[in-house]
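[1] Next come a sequence and a model predicted from it.
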Amino acid sequence: MTIHGLLSIIAGLLLAPLLQGIVNRTKAVFAGRRGAPLLQQYRDIARLLRKGAVFSGTTTWIFRLAPSITLACALVALVVLAPAPVEQGWGFAGDALLLAYALGLARFLTVAAALDTGSSFEGMGASREVLYSALAEPALLVGIAVLARVSGGTSLASILQGAGVTGWVSAGTALALVGVSFFVVLLAENSRVPFDDPNTHLELTMVHEVMVLDSSGPDFALVTYGASLKLWVFSVLFASLAVSPLGLSGFALLGALTAAVLFTGVIVGTVESTMARSSLARAPLLLAGACALSILAFILASRFLS
């Protein structure tokens, strides 16, 4: 691994909580408030690590083990994806499936831990989480298939690096549609508006937050940091497509990609400040639309490149 790939992983590990702070600060600016400090999530994680954990008597080893394995899955996803846009020859053929499976296993364990509590509220949140993910995964995988079709690559590195200036010239419309689809998937997979409201305090309307209500202390710190890493991973996927037309390489590409990831937090905060949360009945339609965009992009890419 070169210094570029190593720095991309370190940037993800260190800056992931900052991305959440940028989202919150953007929302505060739109609301005319000063808002929490950008580094607030670092302080929250440090404070939680100093506390003790409290476990419900109804939970089993599944609830205790889930936060650690979920964080490990997020770390695997980061290591697989983060160096791919900047590291030549990184990864292996089909590593996109490893990325999807790592994120899927993390989601499965979060849902299993929520069900393990025996709470009806956490069960409802788990049900909605599974529903959204079942609709988001096809959009993600078809979108990656479009990038593979455009670039002709089989690994994430060749796919993301191959969709450069030449790819945008030959299939720019298809790549733009994939970018929109990836952003919708980012919002759904990270429980953001319009699919979920991370700031809501109504248990009946929560999705992700209600699933982790019983987590506390160091376990909740792992959950919080894992969620930040997940947001960073999906932001890297979206940002790598956005910076690919610039034709950069080396440290210039690494800097542009990191800046684009952080700016993704501004976009997410802007979306959450300018639109309301969608109803539970309409949210699946948005994900179905994202999947339709990915399929349309695949058809266009096949047509343009035939």
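    The structure has been received and is ready for your questions.
[2] who are the neighbours in contact with Pro83?
    Shown in contact with Pro83 (Cβ atoms under 8 Å, 6 or more residues apart in numbering): 1, 4-6, 8-9, 90-91, 157. For every residue, glycine as well, the C-beta is placed using N, CA and C.
[3] Spatially nearest residue to it, not counting backbone neighbours?
    With sequence-adjacent residues excluded and distances taken as Cβ to Cβ, 6 or more residues apart in numbering, Pro83 is closest to Gly5, at 3.3 Å.
[4] Would you confirm that Phe63 contacts Val111?
    No: with contact defined as Cβ atoms under 8 Å, Phe63 does not reach Val111; the gap is 11.7 Å.
[5] how about the contacts of Pro83 in JSON lines, adding neighbour count and pLDDT?
    JSON lines is the format used below for those (neighbours: other Cβ atoms under 10 Å; pLDDT from 0 to 100):
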{"residue": "Met1", "neighbour count": "12", "pLDDT": "77"}
{"residue": "His4", "neighbour count": "19", "pLDDT": "88"}
{"residue": "Gly5", "neighbour count": "21", "pLDDT": "91"}
{"residue": "Leu6", "neighbour count": "14", "pLDDT": "94"}
{"residue": "Ser8", "neighbour count": "27", "pLDDT": "96"}
{"residue": "Ile9", "neighbour count": "17", "pLDDT": "96"}
{"residue": "Trp90", "neighbour count": "25", "pLDDT": "88"}
{"residue": "Gly91", "neighbour count": "23", "pLDDT": "88"}
{"residue": "Ala157", "neighbour count": "24", "pLDDT": "93"}
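[6] For the residues you listed, give me a markdown table that also has secondary structure.
    Supplementary listing: the contacts of Pro83 in a markdown table, determined by DSSP: H, G, I helix; E, B strand; the rest coil:
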| residue | secondary structure |
| --- | --- |
| Met1 | coil |
| His4 | helix |
| Gly5 | helix |
| Leu6 | helix |
| Ser8 | helix |
| Ile9 | helix |
| Trp90 | coil |
| Gly91 | coil |
| Ala157 | helix |
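[7] which of the residues you listed lies closest to Leu305?
    Ala157 (20.0 Å; Cβ to Cβ).
[8] residues in contact with that closest one?
    The contact partners of Ala157, taken as Cβ under 8 Å, 6+ apart, are 83-85, 87-91.
[9] mind listing the helices for the stretch 201-306 of the chain?
    All helices of the stretch 201-306 of the chain, identified by DSSP state H, counting those that start in this stretch, fall at 208-211, 217-243, 250-274, 283-305.
[10] Can you classify Thr154 as helix, strand or coil?
    With three-state DSSP as the basis, Thr154 sits in coil.
[11] distance of the residue nearest to it when sequence neighbours are not counted from Ser151?
    For Thr154, the nearest residue in space outside its immediate sequence neighbours is Ala93; the separation is 4.0 Å by Cβ to Cβ, 6+ apart. Distance, Ala93 to Ser151, using Cβ to Cβ, to the nearest Å: 13 Å.
[12] same question, Thr26
    As for Thr26, its distance to Ser151 is 32 Å (criterion: Cβ to Cβ).
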